[in-house]
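Student: give me a 3D structure for the following:
(chains A and B)
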Amino acid sequence: GAVVSQHPSWVICKSGTSVKIECRSLDFQATTMFWYRQFPKQSLMLMATSNEGSKATYEQGVEKDKFLINHASLTLSTLTVTSAHPEDSSFYICSARARLAVNTGELFFGEGSRLTVL
Amino acid sequence: AQSVTQLDSHVSVSEGTPVLLRCNYSSSYSPSLFWYVQHPNKGLQLLLKYTSAATLVKGINGFEAEFKKSETSFHLTKPSAHMSDAAEYFCVVSLGFQKLVFGTGTRLLVSP
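Tutor: Sure thing, here's the model as predicted:
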């Protein structure tokens, strides 16, 4: 099956530093990748949609200067949390849509990255 | 606009008894529907999907769901719960290129 790898799985950083999270589709080309944020015991909140080679589309209320998304290739997207603060602590999950699954909308999810900002 | 409602935030069952997780959707067109499972601190794993083929969909780990257009429902069932089924379950709706819309999730608790 399609595999999406997310790294790191957990990270602890000091307030004010930047953290980069990688999302890779290991055995398929991802036309689109999505980044979600999940607060404890809540559903996933879509942050942004990124298509390879173009700028990400951010959801309303998500600061694009704080959450930088790069989708440089069909297998890699990165989320950089800039100048992180404790309120940015959360579980971040990426997902990827394969070319073959475009019409069904099926997504493949990474394992998630837990960010803790001290 | 499309939306999905998961009627129960928590469902508790005993091991070996049936599981029913309810989901109702709202969509102007024929949607694609999915059930995903999330174990603690993990990403989401696809259990099954409905994409306008057979209305009774069989998934992994003995789960299945039936698409009922007349009731706008896509309930998830399993004949016999196992301890390892304890997790968070999300019902999701999609219209092709459009974004997925997630339900609020149902936490399944399985007691010995």
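Student: how about the residues of chain A near chain B?
Tutor: Applying CB under 8 Å from any CB of the partner chain, one finds that chain A approaches chain B through A:4, A:6, A:34, A:41-44, A:46, A:49, A:91, A:93, A:95, A:102-112, A:114. Every residue, glycine included, has its C-beta placed from N, CA and C.
Student: the spatially most central residue of chain B sits in which helix or strand?
Tutor: Among the residues of chain B, the one closest to the centroid is B:Trp35, at 3.6 Å (CA atoms, centre = their mean). Element membership of B:Trp35, judged by DSSP states H and E, is strand B:32-38.
Student: which bits of chain B sit near chain A?
Tutor: Counting by CB under 8 Å from any CB, chain B sits next to chain A at B:32, B:34, B:36, B:41-46, B:49, B:51, B:90, B:94-100, B:102-105, B:107.
Student: circling back to that earlier point, show me the residues of chain A next to chain B that map onto strands.
Tutor: The strands, defined by DSSP state E, take in A:Val4, A:Gln6, A:Phe34, A:Leu44, A:Leu46, A:Thr49, A:Phe91, A:Ile93, A:Ser95, A:Phe108, A:Phe109, A:Arg114 from the residues of chain A next to chain B.
Student: now the two most distant members of those residues.
Tutor: A:Thr49 and A:Arg114 (22.2 Å; CB to CB).
Student: helix, strand, or coil at B:Ser80?
Tutor: With DSSP: H, G, I helix; E, B strand; the rest coil as the basis, B:Ser80 sits in coil.
Student: burial count for it?
Tutor: By other CB atoms under 10 Å in any protein chain shown, 12 other residues sit near B:Ser80.
Student: returning to that earlier point: which residues does the residue nearest to the centre of chain B contact?
Tutor: By CB atoms under 8 Å, 6 or more residues apart in numbering or on different chains, the contact set of B:Trp35 is B:21, B:23, B:46-49, B:59, B:63, B:65, B:74, B:76, B:89-92.
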